[in-house]
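Participant: Need coordinates for the below:
(chains A and B)
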Amino acid sequence: MITFEGVTKRYADGTVAVDDLSLEAPTGAITVFVGPSGCGKTTSLRMINRMIDATGGRILLDGQDVREIDPPTLRRGIGYVIQQAGLFPHRKIVDNVATVPYLLGWDRKRARARAMELLELVGLDSELAGRYPFQLSGGQQQRVGVARALAADPPVLLMDEPFSAVDPIVRASLQDELLRLQSDLQKTIVFVTHDIDEAIKLGDMVAVLRVGGRLAQMAGPATLLSEPADDFVREFLGRDRGIRRLSFIPAKDVRLVTAPADLVVDASGRPLGWRGDGGLLPYGTFNPERDSLRAALDAALLAANGTAVAVDEDGRVIGVAPREALDEVLGQYAARYTVPDPEDPYEEGGHQDTGHQGAGPEDPAHEDPAHGEDPHG
Amino acid sequence: MGDEPLVRWDWIWRNWDTGRPDSILALLESHVVMAFLPVLFGLLLALPLGLASARWRWLYQPTVSVMNVVYSLPSIAVFIVMLAITGLGQATVIVPLTFYSLAILIPAVVDGLTSIPDHVRNSAVAMGFTPLRRLVRVELPLAVPVVLAGLRVATVSSISLVSVGALIGQGGLGYLFIDGWQRQFTTPIVVGIVATVLLAVLADGLLVLAQRLLTPWRRA
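Facilitator: Here you go, the predicted model:
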């Protein structure tokens, strides 16, 4: 756990970058610092590994004040992923990944073997190990950056806008990859971004900071969407909060009925389309076990007849959700239900279950129709 | 010069290696020594001075200004002033040329160090490099391309400037120009020019090769 206790950073010229920040980043969870430029989010992150020293308050790493630890030693125990990857251009990929093991005095063979494991873990071909950074794409470099941060298996990972320099498609796949890794590794991650959609997609907890380095709100992403603390947070979250909140409501409560004969399926039971006068009409599917209510609603809106098709893991039809069925669930949630934000992110029924494990090609959070309207998107 | 041919090959053969200090080979040798030692000394001095200027940015402008003034001094004037201090030895040429090299190499070292992107430097800090180790393992290697580019300019200009020393009796191949001019005899002049140019091309080629070998990590 990382604890900020009244942390302040005031520069010599009087500028206050971070103002009396108190919060906790829970062990094994992703805590996102999000806010506009000038809100002190990167400064806050860099105070954790002492790249910047706080001028007031203290930061505790599992109870120990970071200022009691020699900076190089502290940093070798904390993974760090930087914007644009920050790879060393003069070192081969394998040696870039092995940087911290080398610094810790591992012998070359062991460090390189570890680096090869990490490359595989982040989904990079071992052929890339002998190349130099300039020979890799931006997305590949960023994966190497993540591998390098994980090389010495640090319990804590700091990520400073790691995916902001790559195109949106690559960014989405890197985000999914991070969530996949995190479900296995369960590191304590502090992630900085200016992109609220990224914060909501990745964060178990989201700390919204305002200019001047003050904490505006810290909450789970669903609570943030449903109960923004003030106008600043509301505005920063952007439009379509109601729709986006549906991403955190599981679709498993949607009442399904038997698929009507109008739904044409192939030999293995996968949908082909709705029968229409001039041939097959479009349809939309969702997986009730894995997807959110947002995906179910999306599936209904894509269909010619407004009926969402429910499918299993293999894509086979298990029923359909008529509009009334979606209405029932929407009505139930819209009026009185507050989406549970887990105290412990791994608690049953929490955001972890609905948002994170659903991260895949059909993950609703990155099919965000509001994306284009969001000033931070 | 009358009916004399531009180059008399027999003169070249006779004077190639006579064992005397004015043989072509001996002049070439002293030329190489007087051209390369200043670059070497210049590099050894430019590294700490450049590091200091990159570390304490306020040092950079004064250092560069002083070096530019030094660079603007006519070499012949400096050689003559040096005569009073170092006498007629090779040092009279080596010392001023060291300063000329410095004037080129200090900015090269500073530019090389400051050309390192912030995200690379910051990630080195964040990985837990100590400052010294970061300098040796990350910053200096990354400065190599820019420093080598400066080294190429310094080397070629040093090779060409040595000849001026001939006016005070220490000019390497430059002696051939004076000799040829005094005797109205073109062969030594042509030999001097060709040898100087070949030397410069060879030295530059070696530095380009060194650059290839030292920086395989650069985009071609």
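
Participant: Kindly list the longest helix within chain B.
Facilitator: With residue count as the measure and DSSP state H as the assignment, chain B has helix B:24-55 as its longest helix.

Participant: what's that helix packed up against?
Facilitator: Applying 3 or more CB pairs under 8 Å, 6 or more residues apart in numbering or on different chains; DSSP states H and E, one finds that helix B:24-55 contacts helix B:60-72, helix B:91-114, helix B:140-162, helix B:174-182, helix B:186-214. Using the backbone N, CA and C atoms, a C-beta is placed for each residue, glycine as well.

Participant: Just tell me which of the ones you listed ends up closest to chain A.
Facilitator: Shortest separation from chain A across those is recorded for helix B:140-162, at 4.8 Å, computed as CB to the nearest CB.

Participant: Tell me which of the helices and strands packed on helix B:24-55 sits nearest to A:L157.
Facilitator: The stretch from the helices and strands packed on helix B:24-55 with the least distance to A:L157 (CB to CB) is helix B:140-162; that distance is 25.6 Å.

Participant: quick revisit: show me which positions of the longest helix of chain B end up buried.
Facilitator: Buried residues in helix B:24-55, counted by 16 or more other CB atoms under 10 Å in any protein chain shown: B:24, B:26-28, B:30-32, B:34-39, B:41-43, B:45-47, B:49-51, B:53-54.

Participant: What mean pLDDT does that helix get?
Facilitator: When pLDDT is averaged over helix B:24-55, the result is 94.

Participant: Highest mean neighbour count out of the helices and strands packed on helix B:24-55?
Facilitator: Taking mean count of other CB atoms under 10 Å in any protein chain shown as the contact definition, the stretch among the helices and strands packed on helix B:24-55 with the greatest mean neighbour count is helix B:91-114, which reaches a mean of 23.

Participant: what's the weakest-modelled helix or strand in the chain?
Facilitator: No chain was given, so I picked chain A. Between all helices and strands in chain A, the lowest mean by mean pLDDT, DSSP states H and E belongs to helix A:351, at a mean of 43.

Participant: that's the wrong chain, I meant chain B
Facilitator: Within chain B, confidence by mean pLDDT, DSSP H and E is lowest for helix B:75-86 among all helices and strands, at a mean of 85.

Participant: A:E68 - how many residues pack around it?
Facilitator: 10 (other CB atoms under 10 Å in any protein chain shown).

Participant: per-residue pLDDT, it?
Facilitator: 95.

Participant: Tell me the residues of the stretch 1-150 of chain A that contact chain B?
Facilitator: Where the stretch 1-150 of chain A comes near chain B, counting by CB under 8 Å from any CB of the partner chain, the residues are A:49, A:51, A:71-76, A:78, A:80, A:82-92, A:99-100, A:103, A:132-134, A:145, A:148.

Participant: contacting residues for A:E120?
Facilitator: A:S126 (CB atoms under 8 Å, 6 or more residues apart in numbering or on different chains).

Participant: So it belongs to a helix, correct?
Facilitator: Yes. With DSSP: H, G, I helix; E, B strand; the rest coil as the criterion, A:E120 is assigned to a helix.

Participant: Distance of it relative to chain B?
Facilitator: Summarising the geometry, the distance separating A:E120 from chain B, computed by CB to the nearest CB, to the nearest Å, is 21 Å.

Participant: Quick check: which ranges of chain B have low pLDDT?
Facilitator: Low-confidence regions of chain B, defined here as pLDDT under 70, cover residues B:1-3, B:220.

Participant: give me the residue from it nearest chain A.
Facilitator: Closest approach of chain B to chain A (CB to the nearest CB) occurs at B:S123, with a separation of 3.0 Å.

Participant: rewinding a little: filter the residues of the stretch 1-150 of chain A next to chain B down to the ones in strands?
Facilitator: A:78, A:80, A:82 (DSSP state E).
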